[in-house]
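Engineer: Model the following, please.
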Amino acid sequence: MDAITAFFTDNLVYVFFFYGLAFFAMGLVVLLESGRASEFRFARAMLPLALFGLLHGLHEWAEMFQLFAAAKTGHVPANWEEAARVALLAISFLCLVAFGARLLPHAEERPLFGLRLVLLLGLIWLAAVGVVYLLYRPPAKALIVSADVLSRYSLAIPGALLAAWALLRERRDFHERGMSRYGQGLLWAGLAFLIYGVVGQIFTRTSLVFPSQTVNATLFLRTFGIPVQVLRGLAAIAIAFTLAAALRAFEQEGRVRLARANKLRLEAQKTALDAQERRANEVEALNVQLQATAQELSAMVEMARILASTMDLGRLLQNSLERIVNSFEGASCSLISLRQLDGRLKLTGVYRQPGAPEGSTEPELIAASAKAVESEGPVGVAWDGQVGVLVADSFAGGRSYRTLGVPLRAQERTLGGLALAALWQETSLRAEELNLLNAFAQQIATSVENAQLYGMLRQREGELEDLVRQLVNAQEGERQRIARELHDETGQKLTALAMGLAAVEANLAGEDTRGAAGLVRNLRGVADQAITELRKVMTNLRPSQLDDLGLVPTLRWYLREHAERHPGVRVELEADRLTRRLPSSVETVLFRVTQEALSNVVGHAHATLVTVRLTQERDSVCLEVKDDGVGFDSSAIGVPSPQARASGWGLVGMRERVALAGGEFAVQSQLGHGTRVTVEVPLR
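Structural biologist: Alright, predicted model coming up:
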């Protein structure tokens, strides 16, 4: 034992060399491996461990050079050299603490925890050095030795324990990734750190710090016969070799990741090829779809041109049906049915492809268009052997149809139906063609509505021209009547009055007062008659009661006058629900409508009973004039038939007068069932 002790004591410089070399090599290897991209937590904490190895190796070499210089030249280290060495030693141990702290549970969630722990232990070490100085007031050399010992107690031992525990925990991560044999190196490295930290750092230099006075390097040398630096060096060599073995796991991980990347690359290439093939198929399908869409757009543009070329409804429908048949391959015939005022459908237009069988599909087309109008949705006649079966809700892709029908809808209103038929048992219409037929139907519906409105406008303009002509004639006739009445009645009486006044003047000049008095009495009677006739004329122009008393009293007066003039017609007034005086313009409209309606009754209806009903709602007033006369065909209003021609312009005049007041005018009449005129005028 003495020989071994002497050997190691004499060659302690080499022990320090290999001791430092082991830690420096470990730090260098770990530093080189720390740049790898890895999924291990251990890889993300390797930099502090590498710094520990490099700094601690440099510290041991510094001690080696001190021993070498002392043996060769008797050099005694200065205090600043020793202080720098101890500071380097403390920093290396703090790096070891940082390594262990980075691998603590949930350390990644608390990134500042490791830094705080390092600062805390560093402050504890400095505080302990300060306490030794305050207690013992030692010389600088002794204080530096105490700082060396305290760094091993307060920094090296906790750091080694943390490192050992962290390495043992990371061994489970290696095991879970199928690298247990590399995790075995972490196990031995953790045990080597325990020996290095717990055993190697307890036996320190002799200092003022307890228990270094007894438990120190001298005790270890006497007990085991070798310097404690030999134990530390062996532990360092073990740590270096075991960590180097564990770090080979990164190479294995790299190979696994490379294999995985190659697999993913192959899968990506296969996916890219599949996607490229899929895109090629999609592009081909899109080209086909674009060609079909271009054809549909071209057909719709041509249809729009046709619809915009005329406002004549007949030509518009005929040209549209021809365009529809030519837009569908295999189509033979198409027709349009429009809804009339009474709600019935009327065949308005039909087009048959030249050479197509005549009449074979027309009943089926009429039925399909009627069904489309009734259901307000598309219908189809499907192939079923030789028989067509009408279906309304089965338009699955790929199915063939003999006939398709769609409604013509505009402004949420169904105007009629459009139907298209294929050639008889030679071709068929696909469900996919329904979209184009629907688009045509929408275009046609809008144009049909515009054409109908244009026709109504032209008719209305004609009616207004005739009405203006009638009004001018009526004005002239009324002027003639007023002039005749004023000339025949009032004018003659005023002439008689003037002549009588001249006779009175002559009698008064001859002082015949008795004769003058008789003439005055006669003249007063003539004047009263003239005033009465003048009032009658003014009342016929506009009753003063309408302005003074309101509508209801004026109607009662007028109906009494009417009954006196036409005793064969009984007129009843119902105006119980009128709650307040109406605006003057509204009263005028309702009175004139009543006048015109009663005039028509007397002139054309041959009625015995007329009911005038006046009701007032919150926002409107309604007038109804109903008779039990012979009636007429109300559909002839606007273009009067021979039966209604005499009263037709009176009805048109009433309608225009009500329209100017913002109201609604309606006439209901049937031959032999009387007539009802209804007017509703808003009060706001």
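Engineer: contacts, neighbours, all on C-alpha from now
Structural biologist: Noted.
Engineer: neighbours of H59, just the number please.
Structural biologist: Neighbours of H59 under the rule other C-alpha atoms under 10 Å: 24.
Engineer: Phi and psi next, for H606.
Structural biologist: The phi/psi pair for H606 (degrees, to the nearest 10) reads phi 50, psi 40.
Engineer: what helix or strand is the nearest residue to it once chain neighbours are set aside on?
Structural biologist: The shortest distance from H606 to any non-neighbouring residue, by C-alpha to C-alpha, 6 or more residues apart in numbering, is to G629 (5.3 Å). For G629, there is no helix or strand it lies in under DSSP states H and E.
Engineer: G629: what's it in contact with?
Structural biologist: When contacts are counted by C-alpha atoms under 8 Å, 6 or more residues apart in numbering, G629 touches 601, 605-608, 672-675.
Engineer: do D148 as well
Structural biologist: Counting by C-alpha under 8 Å, 6+ apart, D148 has contacts 86, 89-90.
Engineer: returning to what we had before: roughly how far does the residue nearest to H606 sit from D148?
Structural biologist: According to C-alpha to C-alpha, to the nearest Å, G629 stands 133 Å off from D148.
Engineer: same thing with L590?
Structural biologist: 120 Å.
Engineer: now swap in P111 and tell me
Structural biologist: P111 is 30 Å from D148, by C-alpha to C-alpha.
Engineer: L186 too?
Structural biologist: Taken as C-alpha to C-alpha, the span from L186 to D148 is 29 Å.
Engineer: With L208 instead?
Structural biologist: L208 is 11 Å from D148, by C-alpha to C-alpha.
Engineer: Same question for A235.
Structural biologist: From A235 to D148 the distance is 20 Å (C-alpha to C-alpha).
Engineer: cool, and D274?
Structural biologist: Taking C-alpha to C-alpha, one finds D274 at 69 Å from D148.
Engineer: per-domain residue ranges of the protein.
Structural biologist: Here the domain assignment for the chain is 2-249, 302-452, 549-684, based on automatic domain parsing.
Engineer: need these in a markdown table with distance to E284 and mean pLDDT, can you?
Structural biologist: Listed next are these as a markdown table, based on distance: least, C-alpha to C-alpha, whole Å; pLDDT from 0 to 100:
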| stretch | distance to E284 | mean pLDDT |
| --- | --- | --- |
| domain 2-249 | 44 | 83 |
| domain 302-452 | 19 | 71 |
| domain 549-684 | 59 | 79 |
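Engineer: how about these in a markdown table, adding distance to V283?
Structural biologist: Listed next are these as a markdown table, based on distance: least, C-alpha to C-alpha, whole Å:
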| stretch | distance to V283 |
| --- | --- |
| domain 2-249 | 41 |
| domain 302-452 | 20 |
| domain 549-684 | 59 |
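Engineer: Helix or strand for M303, just tell me which one.
Structural biologist: Per DSSP H and E: helix 228-308 holds M303.
Engineer: so what secondary structure elements neighbour that helix?
Structural biologist: Packing partners of helix 228-308 (3 or more C-alpha pairs under 8 Å, 6 or more residues apart in numbering; DSSP states H and E): helix 12-33, helix 180-194, helix 217-224, helix 313-327, helix 434-485.
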